[in-house]
Every structure is written in structure tokens, then in C-alpha cells.
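Q: Turn this into a model:
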Amino acid sequence: MAKLDTLLAQAGSWWDEKTGAVSMPIYQTATFKHPALGQSTGYDYSRSGNPTRQVLEELMAKIEGGCRGFAFSSGLAAIDCVLQLFKAGDTILFSEDLYGGTYRLMEKLYSDRGVRAVYTDTSDVKNVEVLMNNQVKAIFIETPTNPLLKCADISSISKLAKKYGALTIVDNTFLTPYLQKPFDFGADITVYSATKYLAGHNDVLAGIAVVKSPEIAEKIYFYQNAIGAVLSPFDSWLVLRGLKTLSIRLQKQQANAKKVATYLRSHDSVKRVYYPGVGAMISFEVESLSVVKQVLERVKVFMFAESLGGVESLITFPKVQTHADIAEAVLERLGINERLLRISVGIEDVDDLIEDLETALG
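A: Residues are numbered from 1 along each chain as shown. You can find the predicted model right below:
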């Protein structure tokens, strides 16, 4: 099989043999005509399958090493579809400082259906081990976590999960398959907000789930088709286009992030920097809320906006943006406080980024 950079650069380029189109065509159609009664071209209705979406799904499965991929209208739609696997009485262990939208989905919807969520620091497998029992049906980890960027040992956690017959689900949004392939370490399912690094240009909402086993794939496809939160043909094409440059974008973003993290660690107003040394996400704590406000008002290169992973550098205030649905006491205990900022480092000139932070921090 071709190496990852080649697969990404040629995403969708070989599908249309009839015309030789280098860019995957957008099959902007809701339905497909049948040649005759009892015959099909392989496509019937775009909710159930569309060529443009199919190419994206197949590519994601190939680069992940999974058996099947699924594309959704958002990252949360992908997570919701995966959570359909669980029923009342089941317990899912989650990374404790995870994306607020995932927390909201569990606490406001699935808890009412009887699915129990337990949160723990998954950066230490011992914390997971003490919580395992026969009711635990899955361990859902973000690694690195959002926003404190804690990393989990996927291999150790997946081995532990298998002992109890539980699934290992990894939200791999921050690192993507370019920097981390969870299936290589025993994971069963990966999920992505493809809005972020996979698409990479802040111009599309999308989600991806990839599964390792055919049995789980069959269930996920049923839920995807039954619920219908699928990715449109045009948005599928946008993600395919973004994937073509994923490797070079991440190389630049990661190189920039390492320099920005080094700078932040040297600044007197910065009390703590969270950066695991990989990827392009950084969180940092300043000395007071007044400094937070000052930074958000002064930045000119970084943009004060939610989301991450695009070519543009963004700065976010997690407590009131991405994690607003988590209880105040929980946020404070975790360190997601009124002094914490999160930045998504883009592909701009790194000197401009550092100068912008220097001016903003004062």
C-alpha cells in the first residue's frame, strides 16, 4: 500500500476512471435511477450512500487501518452515532477533561436513557483500572485531552478494556491519523471532528467515525442510515480537498506550536503551559482574568474564535466557550478556570504569532 503522504495527496484522484478526473467529482444528487426492476447501480438514495461521501469514508478507513469509515454532518453527530451502541445499564468511562460538547451529549441525553458516564484522568491507566467492572462497556478517551492536553496510553487502556469485553473509543481529533493511529495500539473505534485538522480550512462542519471490526461496522452503518446525519456530497468533497494537504499543514503547525510553547514558558505573565510536545494545540494559564481579557482584546494575528485545526491561528477561552456546559466546581477542580486560554496554532509566520502574543500579554 502507498505511504500515508501519497494516499493523502491523491485523495479521491483515482476514483473516476471513465473521465480521469483528478479531483473527486461531487455527486450532488439526492437519489439515483435504477436500470430496471430489481437492478441497481449500487446507489439508491444519498442518505444510504453517495459516491463522493463513499470515497472519503473509504480513504479514512484505509489510512486508519480500519475496516470501514463513516462520514457525518458534524463531529458530535459521529459521536452520537457511536454512542447508539450502548443501552440502559451500560457504563462508559470517559477522559475527565474532554470536549464540552461530548460531556453535554452524555449528561443531557444519554444519562436520561440510562447510560452511565464515569469520568477519570485517563492519563494514568491505574485510574481506569480501579473503575473497571462488568458494567463498563467502553472506555472513551481523548488523547491529548481538550483543553488540558493530557495523553493516554492507548495500548494499556485497550488491553484493559479487552479483559472486560469493553470497547476502546478514541477521539483522535487533535492528532489525526498523521500523528497517531489508535488502531495500531488496540483501539476499536476512532472518532473525529473532521471540521478541524482533517478539513483544515474552517469552512465545513463534518465528523468521521472509523471502526476496526465488521460486526461493529454493520451496526454503525445501520444507525448512520437510520438516523440520517450524513455528510453532504459537497462537504465530503471539501474534507477530501483538505486531506490532500493534511501532512504539510500539520508539519508547519506543529513546528510553529513548539516555538510558541517555548516562548510562552518564558513569559512572566504565563503561569503554566500545557503542551505535550506533539500536535499544534497549546493551553496556557495566565495570572488573572484581567490578563485573559487583555489578551483577547489585543490579539491581531490570533483570532478570538471557537474551533481549532484550521490554517488560521485561533485563541479560545474554554471556560465560557467550549466547556460552558460543565459544572463550575468540576471545571475548577480540573483546572479549566478563568485564567486558562487555549490556542490552535496555524501556518502563519511563527515570528508574527509570537510578536502578537508578546503585544497581547504586555
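
Q: how about the strands in the stretch 51-200 of the chain?
A: 68-72, 91-95, 116-120, 136-142, 167-171, 189-193 (DSSP state E, counting those that start in this stretch).

Q: Please pull out the lowest mean pLDDT helix or strand from this structure.
A: helix 328-334 (a mean of 82; mean pLDDT, DSSP states H and E).

Q: what ranges do the helices span in the stretch 101-250 of the chain?
A: 125-129, 154-163, 176-179, 214-227, 233-243, 246-265 (DSSP state H, counting those that start in this stretch).

Q: The fourth one - contacts with which helices or strands?
A: What it means is helix 214-227. Contact here means 3 or more C-beta pairs under 8 Å, 6 or more residues apart in numbering; DSSP states H and E; on that basis helix 214-227 packs against strand 68-72, helix 75-83, strand 207-211. All C-beta atoms are positioned from the backbone trio N, CA, C, and that covers glycine.

Q: Which among the ones you listed is found nearest to Ser155?
A: Among those, the nearest to Ser155 by C-beta to C-beta is strand 207-211 (17.9 Å).

Q: list the buried ones in the closest one?
A: Gly207, Ile208, Ala209, Val210, Val211 (16 or more other C-beta atoms under 10 Å).

Q: returning to what we had before: for Ala280, which of the helices and strands packed on helix 214-227 is the nearest?
A: Of all the helices and strands packed on helix 214-227, helix 75-83 comes closest under C-beta to C-beta, at 17.5 Å.

Q: hey, C-alpha coordinates of that closest one in CSV?
A: Provided in CSV are the C-alpha atoms of helix 75-83 (Å, rounded to 0.1, in the frame of the first residue of the first chain):
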residue,chain,number,x,y,z
GLY,A,75,-18.1,15.6,15.0
LEU,A,76,-20.9,15.3,17.6
ALA,A,77,-23.1,13.5,15.1
ALA,A,78,-20.3,10.9,14.7
ILE,A,79,-20.0,10.6,18.5
ASP,A,80,-23.8,10.3,18.8
CYS,A,81,-23.9,7.5,16.3
VAL,A,82,-21.2,5.6,18.1
LEU,A,83,-23.0,6.0,21.4
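
Q: how much does it deviate in direction from helix 214-227?
A: Helix 75-83 and helix 214-227 are oriented at 120 degrees to each other (axes from the mean of the first three to the mean of the last three C-alpha atoms, to 10 degrees).

Q: hmm, back to that, on contacts alone, who are the packing partners of the helix or strand sitting right after the least confident helix or strand of the chain along the chain?
A: Using DSSP states H and E, the helix or strand that follows helix 328-334 towards the C-terminus is strand 340-344. Contact partners of strand 340-344 among helices and strands, from 3+ C-beta pairs under 8 Å, 6+ apart: strand 281-286, helix 289-298, strand 314-316.

Q: need those in TSV with distance to Val170, can you?
A: TSV is the format used below for the helices and strands packed on strand 340-344 (distance: least, C-beta to C-beta, whole Å):
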stretch	distance to Val170
strand 281-286	16
helix 289-298	31
strand 314-316	22
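
Q: Those: which one's closest to Glu348?
A: strand 314-316 (11.3 Å).

Q: Give me the residues contacting stretch 102-122.
A: Here stretch 102-122 makes contact (C-beta atoms under 8 Å, 6 or more residues apart in numbering) with 76, 79-80, 83, 86-96, 98, 127-128, 131, 135-136, 139-143, 145, 150, 152, 157, 171, 323, 325-326.

Q: now, among the buried residues of strand 207-211, which is nearest to Thr359?
A: Taking the buried residues of strand 207-211 together and measuring to Thr359 by C-beta to C-beta, the closest member is Gly207, at 36.3 Å.

Q: contacting residues for the closest one?
A: 71-79, 191-195, 231.

Q: And for Leu243?
A: Leu8, Ala11, Leu56, Leu59, Leu198, Ala199.
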